[in-house]
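[1] Here is my input; please provide its structure:
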Amino acid sequence: MLSKIPTNLPSHLNVKFIKKFLNLGDLARARQLFDGISEPDVQSWTLLISAYTKNGRSKDAIKVYTEVKNSGKISLDKFVILAVAKACAVSGDLVKAKEIHFDALKLKISSDLLVGNALIDMYGKCKYFDGGEQVFGDLMIKDVITWTSFCSCCVNCGLPRAALRAFQDMVLSRVRPNAMTLSSVVPACSHLKCLNSGREIHGYALKNGMGENQFVNSALVDMYSSCSSIKHAELVFSNLTQPDVVSWNAITSAYFSNGESEKALDTFQSMRTRGVKLDNVSWNSVISGCADNGKAREAIELLGDMQQLGCKPNRITITSTLTACTVLEAWRGGKEVHAYITRHCFMEDLLVCTALVLIYAKGGDLKTSNRLFSMMPSRDTVAWNTIIIANSMHGRGERALSLFNEMVSSGVKPNSVTFTGVLSGCSHSHMVDEGLSIFHSMAKDHKVEPDAEHYSCMVDVLSRGGRLFDAYSFIHQMPEEPSAAAWGALLGSCRIYKNVELGRVAAHRLFEIEPDNPGNYVLLFNILVTAKQWGEASEVRKLMRDRGIRKVPGCSWIRVNNRVHTFVVGDTNNDLSHDIYKFLDEVRVKMKLAGFYPKTEYVLQDLDGEEQEESLCNHGEKLAVAFGVLNLRGESCIRVFKNLRICGDCHNTIKFIAKLVGIEIIVRDSLRFHHFNEGLCSCKDFW
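    Below is the predicted model of the structure:
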């Protein structure tokens with residue numbers, strides 16, 4: 001409970017005490033004193049609004065402004081407008097921002113230079129270019145802050161060319177740019193990858209005594225990095241006498257952006273060794289950089305370091321960590337981050353929720369993925385695309401199509417990625433007519449022109465649906481040169497439907513487009529072996545040998561007790577190898593008794609009889625599943641991941657194991673997820 005503070009003081013003493021408490025950061029006492037004033041003046045209101053914003057409570061600052069405005073007892077002035085404009089800028093509240101602008105117009109102070117500059121900055125932070133442009137155009141007098149704010153507004157609103165034009169107009173108007181102007185406009189060069197303009201601004205900075213400015217140099221490091229001129233970025237950084245944390249962050253990000261992750265990590269370690277005070281940007285740069293550069297494990301470890309050192313993760317940190325969990329298939333790690341998100345009230349953040357939806361889907365838990373999506377308070381195009389693709393990769397084509405229709409009905413505009421996701425779902429669910437309808441609606445109803453990827457998806461839809469000659473005809477109707485993906489879709493389906501004639505055509509076309517891809521040779525070999533075309537099959541094997549092409553080794557992995565266990569064909573390196581093979585031998589015996597026999601057409605080697613069966617029993621996905629069963633510990637589901645397409649015999653065996661053991665087995669291969677339960681698979685044997 002707050003101790004008693006003086007009340008009914010004269011106006012000037014009230015303001016004095018309010019200032020005192022605000023300077024101490026004691027907002028509660030300042031508000032208590034303020035509420036005790038019978039007739040607070042506009043100066044007191046302004047002080048309180050500014051204090052809330054300064055202390056990270058911009059939404060409360062806006063509420064205070066609304067109170068004073070609705071009371072009708074105070075005449076607003078430009079200082080209270082300046083204070084609340086800052087609050088809107090910090091919070092990014094566009095609705096309130098427009099209201100503040102309207103209030104300034106009513107008070108006839110919008111053309112005041114201070115107010116105008118604040119409004120431009122406010123609209124820039126709210127990413128509303130039209131508002132900033134209107135205020136900028138209405139100002140008769142423009143100073144360096146005006147031009148700087150407008151350049152920054154252009155960049156924030158994704159209009160880098162407009163920012164460069166504004167900068168040129170500024171120079172022509174004989175207004176001299178300052179360091180803040182340069183640090184605001186250089187990012188426009190980064191977005192456009194415009195090295196020449198960036199160099200010109202760099203030259204201007206050197207000529208005008210701004211070569212040592214930390215903000216300018218940090219922007220230049222980022223610009224040179226974006227333009228793939230990492231040596232220049234290093235040079236700018238090395239010339240800094242005392243680089244601050246902003247400059248260190250910039251060079252670290254530059255290394256990550258150019259794929260030099262080891263240098264980036266070394267630089268980050270140097271920051272820690274030299275005692276640079278790390279901020280959220282520092283941690284976010286290195287965590288997201290690791291996640292984006294194939295160092296997912298390091299990203300998760302750095303999150304732990306960050307928390308141990310007392311730095312609180314924000315939504316960017318969380319999103320990057322979730323990306324790392326997705327890369328590692330660290331489904332359990334994602335659940336732990338989910339718990340952190342819930343505890344720290346990040347669940348309303350659109351970006352974080354979307355990342356969670358993706359990680360559960362990629363970890364095999366589509367049910368939770370769909371549930372999280374249904375709980376999202378708002379959804380943008382990326383969120384809708386994520387859940388559509390999630391259902392598609394799990395073979396839920398009807399659900400993906402239903403979500404697409406919901407998306408359109410909700411007023412969210414689909415984009416190119418949306419249609420790739422929907423068509424993929426149609427492909428995996430044998431929905432040929434629906435796929436054709438969606439494809440033809442793209443340009444007609446949604447103004448999205450189909451690209452090579454959409455045409456390839458459509459070839460896949462037709463091919464998997466058994467309409468191989470329609471797919472072949474569709475390839476020849478493509479406006480661009482058919483891609484490897486299109487021919488590959490046809491070749492894969494030729495194996496399913498045992499069409500040797502079209503298989504030959506598709507394969508030989510692929511041998512020309514991507515001669516080093518072993519998968520195409522293997523598929524044609526399988527088609528020919530199934531058709532008992534032994535001589536031609538041998539020629540394909542010889543062609544592979546002559547070209548030095550080796551089949552990509554199959555690899556399957558499973559996470560048990562927070563450790564990833566990897567299996568390849570015939571693997572005997574696991575501590576439980578003896579038990580694994582014993583379990584699979586027992587399964588094979590039970591399958592035969594139940595009338596299921598190994599499908600030896602999936603064996604590529606020239607083996608006979610028992611050798612073929614033995615080879616099938618050694619496949620990595622079977623070994624991984626067996627290992628998971630032996631380590632169940634009361635769990636009702638195991639998840640296995642595979643780098644290649646699951647083989648047909650393994651598919652049948654895992655269906656049998658799922659029924660035998662009474663658990664759900666989820667396998668993600670290179671094409672999709674398979675959910676095995678009660679002797680059935682979610683793909684309905686169509687993959």
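[2] Could I get the contacting residues of the closest residue to residue 564 other than its chain neighbours?
    Sequence neighbours aside, residue 557 is the residue nearest to residue 564 in space, at 5.4 Å (criterion: C-beta to C-beta, 6 or more residues apart in numbering). To be clear about C-beta, it is placed using only N, CA and C from the backbone, and glycine gets the same treatment. Residues near residue 557 by C-beta atoms under 8 Å, 6 or more residues apart in numbering: 329, 564-567, 624, 640-642.
[3] Quickly find the element holding residue 556.
    strand 555-560 (DSSP states H and E).
[4] Determine how far that strand lies from the middle of the whole chain.
    For strand 555-560, the separation from the chain centroid amounts to 24 Å (computed by C-alpha atoms, centre = their mean, to the nearest Å).
[5] List the buried residues for the next helix or strand after that strand?
    Following strand 555-560 in sequence order, the next helix or strand is strand 563-568 (DSSP H and E). Burial within strand 563-568, assessed by neighbour count using 16 or more other C-beta atoms under 10 Å, is assigned to 565, 567.
[6] just stretch 469-484 next, same as before
    470-472, 474-475, 478, 482-484.
[7] what about stretch 453-467, average pLDDT?
    Stretch 453-467 carries an average pLDDT of 94.
[8] Chain neighbours aside, what residue packs nearest to residue 407?
    Going by C-beta to C-beta, 6+ apart, residue 407 has residue 384 as its nearest residue, at 4.3 Å.
[9] tell me which element the one you found falls in.
    Judged by DSSP H and E, residue 384 forms part of helix 381-393.
[10] Could you list every helix and strand in contact with the helix or strand following that helix?
    Remark: after helix 381-393, the chain's next helix or strand is helix 397-409, criterion DSSP H and E. Judged by 3 or more C-beta pairs under 8 Å, 6 or more residues apart in numbering; DSSP states H and E, helix 397-409 is in contact with helix 381-393, helix 416-428, helix 432-446.
[11] Pick the most buried one from those helices.
    Of all those, helix 416-428 has the most neighbours on average by mean count of other C-beta atoms under 10 Å, namely a mean of 25.
[12] Other residues contacting that helix?
    381, 384-385, 388-389, 391-393, 395-401, 404, 407, 431-432, 434-435, 438-439, 442, 446, 448, 450-451, 453-454, 457-458, 460-461, 464, 671-672, 683, 686-687.
[13] pretty sure residue 232 contacts residue 222?
    No: between residue 232 and residue 222 there is no contact under C-beta atoms under 8 Å: 11.5 Å.
[14] Please look at residue 177 and residue 145 and confirm they touch.
    No: if you go by C-beta under 8 Å, residue 177 and residue 145 don't touch, sitting 11.2 Å apart.
[15] any chance you could map the strands in the stretch 51-200 of the chain?
    With DSSP state E, counting those that start in this stretch, there are no strands along the stretch 51-200 of the chain.
[16] all helices for the stretch 451-600 of the chain, in order.
    Applying DSSP state H, counting those that start in this stretch to the stretch 451-600 of the chain gives helices spanning 452-464, 468-476, 484-496, 500-513, 518-530, 534-546, 577-593.
[17] re the thing from before, who touches the residue nearest to residue 407 in this structure?
    403, 407, 412, 414, 418.
[18] Distance of it relative to residue 89?
    Applying C-beta to C-beta, to the nearest Å, the value for residue 384 to residue 89 is 30 Å.
[19] ditto for residue 186
    Here residue 186 is placed at a distance of 21 Å from residue 89 (C-beta to C-beta).
[20] Which of these two has more residues huddled nearby?
    Ranked by neighbour count (other C-beta atoms under 10 Å), residue 186 and residue 89 place residue 186 first, with 29 against 22.
[21] Spit out the contact partners of the more buried one.
    Taking C-beta under 8 Å, 6+ apart, one finds 198, 201, 216, 219-220, 222-223 in contact with residue 186.
[22] In those residues, find the pair that's most separated.
    Farthest apart among the contacts of residue 186 by C-beta to C-beta are 201 and 222. That separation is 12.6 Å.
[23] quick one, which of these two is more surrounded?
    residue 201 (26 against 23).
[24] low-scoring stretches of the stretch 501-650 of the chain, by residue?
    597-617 (pLDDT under 70).
[25] same check, this time on the chain
    Ranges of the chain meeting pLDDT under 70: 1-40, 327-336, 343-347, 597-617.
[26] sorry, back to before: so what pairs up with the residue nearest to residue 564 in the strands?
    Beta bridges link residue 557 to residue 566, residue 641, judged by DSSP bridges.
[27] any idea how far residue 518 is from it?
    Residue 557 is 21 Å from residue 518, by C-beta to C-beta.
[28] What residues does the closest residue to residue 125 other than its chain neighbours make contact with?
    Spatially, and ignoring its direct neighbours in sequence, residue 125 is nearest to residue 89 (4.0 Å; C-beta to C-beta, 6+ apart). Residue 89 is in contact with 97, 118, 121-122, 124-126, counting by C-beta under 8 Å, 6+ apart.
[29] if you set the cut-off to 10 Å instead, what comes out?
    53, 58, 97, 100, 118-126 (C-beta atoms under 10 Å, 6 or more residues apart in numbering).
[30] Just the ones in helices from those, please.
    53, 58, 97, 100, 118-125 (DSSP state H).
[31] Centre of the chain to stretch 639-646, how far?
    The answer for stretch 639-646 is 23 Å, by C-alpha atoms, centre = their mean.
[32] List the buried residues of that stretch.
    639-642, 644-646.
[33] Then stretch 511-531?
    Buried residues in stretch 511-531 (16+ other C-beta under 10 Å): 511, 513, 517, 519-529.
[34] Now the two most distant members of those residues.
    Longest span within the buried residues of stretch 511-531, C-beta to C-beta: 513 and 529, 23.4 Å.
[35] Nearest residue to residue 466 in space, please, no chain neighbours.
    Per C-beta to C-beta, 6+ apart, closest to residue 466 is residue 497, 5.9 Å.
[36] Ramachandran coordinates for that neighbour?
    phi -100, psi 10 (degrees, to the nearest 10).
[37] residues touching it, list them.
    463-468, 503, 527.
[38] so is residue 413 in a helix, a strand, or just coil?
    coil (DSSP: H, G, I helix; E, B strand; the rest coil).
[39] Leaving out chain neighbours, which residue sits closest to it?
    Residue 413 sits nearest to residue 381 (C-beta to C-beta, 6+ apart), 6.6 Å away.
[40] you'd agree the one you found is up against residue 408?
    No: using C-beta atoms under 10 Å, residue 381 is not in contact with residue 408, being 11.2 Å away.
[41] what touches both of these two?
    Going by C-beta under 10 Å, 6+ apart, residues that sit against residue 381 and also against residue 408 are 414, 418.
[42] Buried subset of the contacts of residue 89, written for ChimeraX?
    Buried residues within the contacts of residue 89, by 16+ other C-beta under 10 Å, are selected in ChimeraX with:
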select :53,58,97,100,118,119,120,121,122,123,124,125,126
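[43] Which residue is the nearest non-sequential neighbour of residue 643?
    residue 555 (4.8 Å).
[44] who's in contact with that neighbour?
    566-569, 571, 620-621, 624, 641-644.
[45] just those now: which is nearest residue 630?
    residue 624 (10.9 Å).
[46] Next, the angle from the helix or strand where that closest one lies to strand 555-560.
    Element membership for residue 624, per DSSP H and E: helix 620-630. Helix 620-630 runs at 10 degrees relative to strand 555-560, counting by axes from the mean of the first three to the mean of the last three C-alpha atoms, to 10 degrees.
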